[in-house]
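> One predicted model, sequence on top.
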Amino acid sequence: MTETPSLTELTWARGFTDPAWVRRHTTSGRETVPSRRVWRGRTQPLDVPRTPHVPRTPHDLEALEFTTSGGRSLTLPALFAAAQTDAFLVMHRGTVVYERYLHGYESHVPHFNASAAKSYIGLLAAILADQGLLDRDALVTRYVPELTGTAFGEARVDDLLHMGTLMSYAGRPFDKAIEAQRYFAILAPQLRPYGYNGPTSIREHLATARATGKPGTEFRYENGNVEALAEVLRRVTGMSTSALLGEVIWSRLGAEEDAYYILDSEGTEAACGGFSATLRDVARLGEMIRCGGAVGDRQIVPESIATTIATGTPDGYPRRVRFPAAPPDSPATLSYHDLWWILNDPYDSFMASGIHGQRLFISPKLDLVIVHFASQVMSPSVPPAPLVPAFVRIGTHLGAGT
């Protein structure tokens with residue numbers, strides 16, 4: 001449960017108040033802090049089919065109306081305006097049927113994926129567990145002894161994969177928004193307020209986490225789970241997060257461009273949200289997952305993993321969760337599995353989701369992959385754009401025309 005912060009903590013709740021400033025952040029991360037590339041490999045980029053004579057033209061999609069939870073009717077251009085959309089791509093049955101770039105953003109430029117990147121770490125963990133290299137039921141300290149005595153060290157690997165730890169940092173009452181801002185300050189010194197004397201690396205930050213409840217009993221969305229998990233994966237493989245993602249997935253995907261992670265002061269990747277990649281390459285990732293983990297005749301992710309993201313949620317607290325920004329009294333209609341958001345809709349849809357409007361939406365029964373990049377201001381005075389209703393409406397519309 002989130003507690004009300006003291007007045008001295010309000011500096012951490014500033015957030016980003018100008019979409020142009022947010023856009024600078026989402027498209028130019030490696031210009032402001034150190035970064036490490038995720039290599040695309042030596043293979044030729046995988047061709048992404050684009051059919052000019054699709055059943056539903058781009059103009060038809062832009063005229064499509066969908067209804068928000070508040071009963072308001074929107075079209076796609078109105079959604080783009082509300083969401084401060086930078087780029088949008090729709091793949092239906094393996095073919096790009098819509099692709100658009102706005103606000104000067106260009107197709108070859110990697111864009112901040114934010115917390116959507118959590119799901120990619122979940123995918124890597126699932127693959128290593130499938131290979132027998134990672135034990136989901138093991139305590140984290142088995143792999144990272146330095147986390148002994150911390151909230152993450154006392155948890156199982158599977159607890160990290162389902163946001164199942166309860167903690168406070170440095171004795172502070174836990175507040176999700178404030179802790180997110182403190183995390184940003186660890187990575188970017190320019191975001192630190194005057195007199196800052198907190199952690200200057202992810203390692204130091206994790207060391208301050210103390211358990212406030214039993215792990216594996218309650219969902220609490222928190223970046224530290226993913227950073228601790230990423231360190232586990234580094235210990236298991238002996239590889240950096242960038243090298244691991246590159247070797248296992250990115251170099252086999254047929255990506256057009258290198259991706260990259262931003263780094264902390266010790267050269268550690270910000271695994272929970274510091275990843276950037278292009279719109280088309282994230283779409284390639286989504287399409288590979290939609291196709292059972294395969295790209296053509298290459299099996300990249302085991303089919304047993306790719307096909308059970310939406311259906312493999314374990315019993316207990318991960319079955320009924322809500323988005324972090326949702327009111328605490330709102331219905332918990334979502335599930336959470338291996339760091340993916342499960343929508344529990346009739347189409348087995350699931351999603352990687354990040355701050356400012358980053359989404360990778362995959363819907364197997366709608367034969368649909370949608371990628372949305374944006375730079376929306378995060379503020380209580382700015383209502384979140386109704387992205388998921390729009391995605392589902394597009395999918396059912398495209399399916400009805402064939």
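Nice, thanks for sending it over. Numbers count the residues shown, from 1 in each chain.

> Now Ile342: closest residue in space, sequence neighbours ignored.
Using C-beta to C-beta, 6 or more residues apart in numbering and skipping residues adjacent in sequence, the residue nearest Ile342 is Ser335, 3.8 Å away. All C-beta atoms are positioned from the backbone trio N, CA, C, and that covers glycine.

> Could you check which helix or strand contains the one you found?
strand 335-337 (DSSP states H and E).

> what's that strand in contact with?
161-163, 219, 309-310, 312-314, 318-321, 341-342, 344, 350 (C-beta atoms under 8 Å, 6 or more residues apart in numbering).

> now do stretch 245-258
If you take C-beta under 8 Å, 6+ apart as the criterion, stretch 245-258 is touched by 37-47, 108, 110, 120, 123-124, 127, 239, 259, 277-278, 280-281, 284-285, 288, 295, 298, 300-301.

> Can you dump the C-alpha atoms of that stretch in PDB for me?
Output in PDB follows, covering the C-alpha atoms of stretch 245-258 (Å, rounded to 0.1, in the frame of the first residue of the first chain):
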ATOM      1  CA  LEU A 245      19.700 -10.000 -25.000                       C
ATOM      2  CA  GLY A 246      21.800  -9.600 -28.200                       C
ATOM      3  CA  GLU A 247      23.000 -13.200 -28.300                       C
ATOM      4  CA  VAL A 248      19.700 -14.900 -27.300                       C
ATOM      5  CA  ILE A 249      17.200 -12.700 -29.200                       C
ATOM      6  CA  TRP A 250      18.200  -9.500 -30.900                       C
ATOM      7  CA  SER A 251      20.900 -10.900 -33.200                       C
ATOM      8  CA  ARG A 252      18.500 -13.700 -34.400                       C
ATOM      9  CA  LEU A 253      15.500 -11.500 -34.900                       C
ATOM     10  CA  GLY A 254      16.500  -9.900 -38.200                       C
ATOM     11  CA  ALA A 255      16.600  -6.500 -36.600                       C
ATOM     12  CA  GLU A 256      17.400  -3.400 -38.800                       C
ATOM     13  CA  GLU A 257      19.200  -1.500 -36.000                       C
ATOM     14  CA  ASP A 258      21.200  -2.000 -32.900                       C
END
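
> Would you mark the buried spots in that stretch?
Across stretch 245-258, burial judged by 16 or more other C-beta atoms under 10 Å covers 245-246, 248-258.

> What residues of stretch 266-285 count as buried?
So, applying 16+ other C-beta under 10 Å, buried residues of stretch 266-285: 268-285.

> do the same with stretch 131-143
Leu134, Arg136, Leu139, Val140, Thr141, Tyr143.

> so what's the residue nearest to Ser349 when sequence neighbours are not counted bridging to?
The shortest distance from Ser349 to any non-neighbouring residue, by C-beta to C-beta, 6+ apart, is to Ser363 (4.0 Å). Counting by DSSP bridges, Ser363 is bridged to Leu368.

> count of neighbours near Ser363?
Per other C-beta atoms under 10 Å, the neighbour tally for Ser363 reads 27.

> How about Pro383?
Neighbourhood size, Pro383 [other C-beta under 10 Å]: 11.

> before we move on, what about Ser73?
Residues near Ser73, counting by other C-beta under 10 Å, number 9.

> before we move on, the earlier item: so among the contacts of stretch 245-258, which ones count as buried?
Here, 16+ other C-beta under 10 Å leaves 37-40, 46, 110, 120, 123-124, 127, 259, 277-278, 280-281, 284-285, 288, 295, 300-301 buried among the contacts of stretch 245-258.

> From those residues, which land in helices?
Tyr120, Leu123, Leu124, Ile127, Arg280, Asp281, Arg284, Leu285, Met288 (DSSP state H).

> now stretch 254-268, how far from the chain's geometric center?
Put simply, stretch 254-268 sits 15 Å off its chain's centre (C-alpha atoms, centre = their mean, to the nearest Å).

> Name the nearest residue to Met288, ignoring sequence neighbours.
Using C-beta to C-beta, 6+ apart and skipping the chain neighbours, the partner closest in space to Met288 is Val295 (5.1 Å).

> gap between the one you found and Val90?
Going from Val295 to Val90 by C-beta to C-beta, to the nearest Å gives 19 Å.

> quick one, what contacts the residue nearest to Met288?
Counted by C-beta under 8 Å, 6+ apart, Val295 has contacts Leu46, Arg252, Leu253, Gly254, Arg284, Met288.

> just those residues now: which is nearest Glu65?
Nearest to Glu65 among those, counting by C-beta to C-beta, is Arg284 at 29.8 Å.

> Tell me the confidence at the residue nearest to the closest one when sequence neighbours are not counted?
Setting aside the residues directly before and after it, Arg284 is nearest to Leu253 in space (C-beta to C-beta, 6+ apart), at 5.2 Å. Note on Leu253: pLDDT of 96.

> ditto for Arg235
At Arg235, pLDDT is 98.

> Show me what the helix or strand harbouring it is packed up against.
Using DSSP H and E, Arg235 maps to helix 223-237. If you count contacts as 3 or more C-beta pairs under 8 Å, 6 or more residues apart in numbering; DSSP states H and E, helix 223-237 packs onto helix 116-130, helix 157-161, helix 176-187, helix 202-207, helix 241-248.

> what's the fourth one in contact with?
Looking back up the chat, that one is helix 202-207. Helix 202-207 is contacted from outside by 146-147, 150, 152, 169, 182-183, 186, 198-199, 224, 227-228, 231, 264, 266, 268, 270, using C-beta under 8 Å, 6+ apart.

> Distance to Arg24 and pLDDT added to the ones in helices among the buried ones among the contacts of stretch 245-258, as JSON lines?
Converted to JSON lines, those look like this (distance: C-beta to C-beta, whole Å; pLDDT from 0 to 100):
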{"residue": "Tyr120", "distance to Arg24": "24", "pLDDT": "98"}
{"residue": "Leu123", "distance to Arg24": "29", "pLDDT": "98"}
{"residue": "Leu124", "distance to Arg24": "29", "pLDDT": "98"}
{"residue": "Ile127", "distance to Arg24": "34", "pLDDT": "98"}
{"residue": "Arg280", "distance to Arg24": "22", "pLDDT": "97"}
{"residue": "Asp281", "distance to Arg24": "21", "pLDDT": "98"}
{"residue": "Arg284", "distance to Arg24": "26", "pLDDT": "98"}
{"residue": "Leu285", "distance to Arg24": "25", "pLDDT": "98"}
{"residue": "Met288", "distance to Arg24": "31", "pLDDT": "98"}
